[in-house]
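Asks: Provide a 3D model corresponding to the input given below.
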Amino acid sequence: MSDLQTFRKQKDEYFLDNPHSPLTAEHKATFGGLKYFPENDALNLDVAIERFPEGEMIQIQTNTGDVQSYERFGRFTFEIDGEPASLTVFVNQNGFFLPFVDSLAGKATYPAGRYLEPEPLADGRFHVDFNMAYNPYCAYSPHWSCPITPAENRLNVPVRAGEKIFEAH
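Replies: Now for the predicted structure:
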(Lines give C-alpha, C1' and ligand atoms only; values in the text may rest on other atoms or scores of the structure.)
Protein backbone atom coordinates (compact mmCIF):
# COMPACT_ATOMS: atom_id res chain seq x y z
CA MET A 1 0.00 0.00 0.00
CA SER A 2 1.43 3.41 -0.95
CA ASP A 3 1.77 6.27 1.53
CA LEU A 4 -1.16 8.00 -0.19
CA GLN A 5 -3.36 4.89 0.06
CA THR A 6 -2.46 4.54 3.74
CA PHE A 7 -3.30 8.21 4.37
CA ARG A 8 -6.67 7.85 2.61
CA LYS A 9 -7.54 4.71 4.58
CA GLN A 10 -6.68 6.48 7.86
CA LYS A 11 -8.78 9.48 6.86
CA ASP A 12 -11.78 7.23 6.20
CA GLU A 13 -11.30 5.62 9.62
CA TYR A 14 -11.10 9.07 11.26
CA PHE A 15 -14.27 10.23 9.49
CA LEU A 16 -16.13 7.11 10.56
CA ASP A 17 -14.89 6.69 14.14
CA ASN A 18 -13.63 10.00 15.54
CA PRO A 19 -16.01 12.21 17.54
CA HIS A 20 -14.46 15.27 15.81
CA SER A 21 -15.36 13.94 12.36
CA PRO A 22 -17.28 16.41 10.19
CA LEU A 23 -19.78 13.68 9.24
CA THR A 24 -23.19 13.69 10.85
CA ALA A 25 -24.40 10.54 12.62
CA GLU A 26 -26.76 9.99 9.68
CA HIS A 27 -23.84 10.15 7.20
CA LYS A 28 -21.71 7.84 9.34
CA ALA A 29 -24.45 5.19 9.23
CA THR A 30 -24.01 4.83 5.46
CA PHE A 31 -20.41 5.99 5.04
CA GLY A 32 -18.45 3.75 2.70
CA GLY A 33 -15.35 5.93 2.40
CA LEU A 34 -14.40 9.11 0.59
CA LYS A 35 -13.95 9.08 -3.18
CA TYR A 36 -10.68 10.08 -4.80
CA PHE A 37 -9.09 10.48 -8.18
CA PRO A 38 -6.32 7.93 -8.86
CA GLU A 39 -2.87 9.06 -7.75
CA ASN A 40 -1.49 11.50 -10.33
CA ASP A 41 2.31 11.85 -10.19
CA ALA A 42 2.17 14.73 -12.70
CA LEU A 43 0.38 16.84 -10.07
CA ASN A 44 2.84 16.18 -7.25
CA LEU A 45 4.96 19.32 -7.70
CA ASP A 46 7.85 21.29 -6.28
CA VAL A 47 7.20 24.88 -7.40
CA ALA A 48 8.95 28.23 -7.30
CA ILE A 49 6.74 30.93 -5.81
CA GLU A 50 6.85 34.49 -7.03
CA ARG A 51 6.52 36.44 -3.79
CA PHE A 52 4.07 39.31 -3.40
CA PRO A 53 5.05 42.43 -1.46
CA GLU A 54 5.10 41.46 2.20
CA GLY A 55 2.07 42.39 4.25
CA GLU A 56 -0.46 42.41 1.38
CA MET A 57 -3.58 41.26 3.25
CA ILE A 58 -6.86 39.90 1.92
CA GLN A 59 -10.14 39.24 3.71
CA ILE A 60 -11.64 35.91 2.68
CA GLN A 61 -15.31 35.39 3.39
CA THR A 62 -16.54 32.05 4.74
CA ASN A 63 -19.65 30.11 3.82
CA THR A 64 -21.24 31.31 7.09
CA GLY A 65 -20.60 35.00 6.43
CA ASP A 66 -17.57 35.35 8.69
CA VAL A 67 -14.31 36.83 7.41
CA GLN A 68 -10.79 35.46 7.82
CA SER A 69 -7.59 37.46 7.23
CA TYR A 70 -4.77 36.06 5.12
CA GLU A 71 -1.59 37.49 3.67
CA ARG A 72 -1.22 37.01 -0.08
CA PHE A 73 2.12 35.21 0.05
CA GLY A 74 2.93 34.45 -3.58
CA ARG A 75 1.90 32.91 -6.86
CA PHE A 76 3.15 29.91 -8.80
CA THR A 77 2.54 28.72 -12.34
CA PHE A 78 2.36 25.16 -13.56
CA GLU A 79 0.79 23.03 -16.29
CA ILE A 80 -2.13 20.65 -16.17
CA ASP A 81 -2.38 18.36 -19.20
CA GLY A 82 -0.39 20.91 -21.21
CA GLU A 83 -2.57 23.85 -20.12
CA PRO A 84 -1.01 26.73 -18.19
CA ALA A 85 -2.39 27.51 -14.74
CA SER A 86 -1.43 29.68 -11.78
CA LEU A 87 -2.52 29.84 -8.16
CA THR A 88 -1.97 32.13 -5.19
CA VAL A 89 -0.69 30.79 -1.89
CA PHE A 90 -1.96 32.54 1.24
CA VAL A 91 -0.61 32.46 4.78
CA ASN A 92 -1.92 33.25 8.26
CA GLN A 93 -1.17 32.20 11.83
CA ASN A 94 -2.15 28.63 10.93
CA GLY A 95 0.36 28.33 8.08
CA PHE A 96 0.29 28.23 4.29
CA PHE A 97 -3.08 27.80 2.59
CA LEU A 98 -3.97 27.02 -1.01
CA PRO A 99 -7.70 27.01 -1.76
CA PHE A 100 -8.64 26.34 -5.39
CA VAL A 101 -11.60 25.59 -7.63
CA ASP A 102 -11.13 23.64 -10.84
CA SER A 103 -13.31 23.17 -13.93
CA LEU A 104 -14.78 19.97 -12.47
CA ALA A 105 -16.37 21.89 -9.57
CA GLY A 106 -19.97 20.89 -9.04
CA LYS A 107 -19.54 17.78 -11.19
CA ALA A 108 -16.64 15.71 -9.87
CA THR A 109 -15.23 18.08 -7.22
CA TYR A 110 -16.77 20.12 -4.43
CA PRO A 111 -18.42 23.26 -5.92
CA ALA A 112 -16.77 25.70 -3.49
CA GLY A 113 -13.32 24.24 -4.07
CA ARG A 114 -10.73 22.16 -2.32
CA TYR A 115 -7.80 22.98 -0.05
CA LEU A 116 -4.09 22.22 0.23
CA GLU A 117 -1.36 23.23 2.67
CA PRO A 118 1.79 23.77 0.58
CA GLU A 119 5.01 22.79 2.35
CA PRO A 120 8.02 25.11 2.21
CA LEU A 121 11.23 23.41 1.07
CA ALA A 122 14.77 24.22 2.18
CA ASP A 123 15.63 25.67 -1.24
CA GLY A 124 12.82 28.27 -1.11
CA ARG A 125 10.41 26.35 -3.33
CA PHE A 126 7.18 24.74 -2.12
CA HIS A 127 5.91 21.19 -2.30
CA VAL A 128 2.33 21.17 -3.69
CA ASP A 129 0.79 17.72 -4.03
CA PHE A 130 -2.67 17.93 -5.57
CA ASN A 131 -3.18 14.26 -4.66
CA MET A 132 -3.63 15.58 -1.12
CA ALA A 133 -6.35 18.09 -2.14
CA TYR A 134 -9.27 17.78 0.23
CA ASN A 135 -12.78 19.09 0.70
CA PRO A 136 -13.37 21.62 3.47
CA TYR A 137 -15.46 20.33 6.38
CA CYS A 138 -18.43 22.43 5.22
CA ALA A 139 -18.71 19.95 2.32
CA TYR A 140 -19.95 17.39 4.87
CA SER A 141 -21.98 19.52 7.25
CA PRO A 142 -23.38 23.09 7.28
CA HIS A 143 -22.21 23.42 10.90
CA TRP A 144 -18.66 24.24 9.75
CA SER A 145 -17.36 27.63 8.62
CA CYS A 146 -14.97 27.41 5.66
CA PRO A 147 -13.12 30.06 3.63
CA ILE A 148 -14.56 30.54 0.15
CA THR A 149 -11.98 30.23 -2.62
CA PRO A 150 -11.00 33.71 -3.90
CA ALA A 151 -11.60 34.45 -7.59
CA GLU A 152 -7.86 34.49 -8.31
CA ASN A 153 -7.72 30.75 -7.51
CA ARG A 154 -10.50 29.62 -9.82
CA LEU A 155 -9.01 27.50 -12.60
CA ASN A 156 -10.48 26.84 -16.04
CA VAL A 157 -8.78 23.45 -16.19
CA PRO A 158 -9.60 20.15 -14.45
CA VAL A 159 -7.47 19.01 -11.51
CA ARG A 160 -7.89 15.24 -11.59
CA ALA A 161 -6.16 14.56 -8.30
CA GLY A 162 -7.21 14.44 -4.67
CA GLU A 163 -10.61 14.13 -3.11
CA LYS A 164 -13.78 14.07 -5.18
CA ILE A 165 -17.15 15.58 -4.28
CA PHE A 166 -18.82 14.06 -1.20
CA GLU A 167 -22.06 12.26 -1.95
CA ALA A 168 -24.01 11.28 1.12
CA HIS A 169 -26.01 8.09 0.72
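Asks: Look through the protein and tell me its longest helix.
Replies: helix 3-17 (DSSP state H).
Asks: residues of it that come out buried?
Replies: The neighbour-count check on helix 3-17 (16 or more other CB atoms under 10 Å) flags L4, R8, K11, F15 as buried. C-beta here means a position set from N, CA and C on the backbone, and glycine is covered the same way.
Asks: now swap in stretch 66-80 and tell me
Replies: Here stretch 66-80 shows Q68, Y70, E71, R72, F73, G74, R75, F76, F78, I80 as buried, counting by 16+ other CB under 10 Å.
Asks: quick one on the thing from earlier: identify, from the buried residues of helix 3-17, the entry nearest to V47.
Replies: L4 (19.0 Å; CB to CB).
Asks: Pick out whichever of the buried residues of helix 3-17 sits closest to S21.
Replies: F15 (4.8 Å).
Asks: Is Y137 in contact with F166, as I believe?
Replies: No: using CB atoms under 8 Å, Y137 makes no contact with F166, being 10.3 Å away.
Asks: ok so, going back, ok, and what's touching the helix or strand just after the longest helix of the chain?
Replies: Toward the C-terminal end, the helix or strand that comes next after helix 3-17 (DSSP states H and E) is helix 25-30. Contact with helix 25-30 is made by F15, L16, S21, Y140, S141, A168, H169, as judged by CB atoms under 8 Å, 6 or more residues apart in numbering.
Asks: Tell me where the model's unsure across this protein.
Replies: Low-confidence segments of the chain (pLDDT under 70): 1, 169.
Asks: Fine by me, we can end here.
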